[in-house]
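> coordinates for the following, if possible.
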Amino acid sequence: MRALRFAGREKRKGGTVAGKLKTEIKQRRPFSSVHEEVVLSLVRSADQVLAPLTAVLREENLSLSQYNILRIVRGAEDDGLPCGEISERMVRRDPDLTRLLDRLEARGLIRRSRGTADRRVVLASITSEGRELLAELDEPIRRTTKETLAHMGSDRLDLLRELLDEARSGPLPQGKRAESVV
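Numbers count the residues shown, from 1 in each chain. Below is the predicted model of the structure:
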């Protein structure tokens, strides 16, 4: 069977594209579908790409979700944001937003207050300590994200971004909500 090279992967004549994931995870049997392989590859890739960022944040005793929340509330300036809106803006949804906010507030990085128009609404806003911490993290995070994907050229990164956008824009299975499963 003749093998063709395609973007660093092997394509078998009349067959599927053979990826590296099967070898990396030492799987002996074939994946049940290309869909399964792609989803598992996305999960594995996300884990690998996030590991260096996690290490930078660990030095400041922050999780990725806590960092995400701090960036979201920093963008809201002094107005703060309702908890529901923070949840909607998170890159990776976390079902226990209240616990994350409790930890950030205990560290003095955010403050929460009741809304003036509707007392049921809780607004979270960043403190000066939270701004200072993010300012210290901005450059190391920027450098780490760049280094993590430095092996890919800008054309490849543009293509990857487009493919990921397309993957996220597809319909969800009926009855499913967009929540983190990882």
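
> mind listing the helices for the chain?
Assigned by DSSP state H, the helices in the chain fall at 21-24, 34-58, 64-75, 83-89, 97-106, 128-148, 154-169.

> so for V121, which of these sits nearest?
helix 83-89 (8.2 Å; Cβ to Cβ). Just so you know, the C-beta spots here come from the backbone N, C-alpha and C atoms, and that holds for glycine as well.

> ok so, going back, so which of the helices of the chain is the most surrounded?
helix 64-75 (a mean of 20; mean count of other Cβ atoms under 10 Å).

> quick one, it and helix 128-148 angle?
Helix 64-75 and helix 128-148 are oriented at 120 degrees to each other (axes from the mean of the first three to the mean of the last three Cα atoms, to 10 degrees).

> flag the shaky bits of this structure, pLDDT-wise.
By pLDDT under 70, the weakly predicted segments of the chain are 1-18, 115, 173-182.

> change it to 50
1-15, 180-182 (pLDDT under 50).

> wait, doesn't L133 sit right on L104?
No. Counting by Cβ atoms under 8 Å, L133 does not reach L104; the two are 10.0 Å apart.

> overlap in contacts, those two.
L70 (Cβ atoms under 8 Å, 6 or more residues apart in numbering).

> still on that earlier bit, output the helices of the chain in a markdown table; the columns should cover distance to V121.
Formatted as a markdown table, the helices of the chain follow (distance: least, Cβ to Cβ, whole Å):
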| stretch | distance to V121 |
| --- | --- |
| helix 21-24 | 44 |
| helix 34-58 | 29 |
| helix 64-75 | 15 |
| helix 83-89 | 8 |
| helix 97-106 | 14 |
| helix 128-148 | 20 |
| helix 154-169 | 29 |
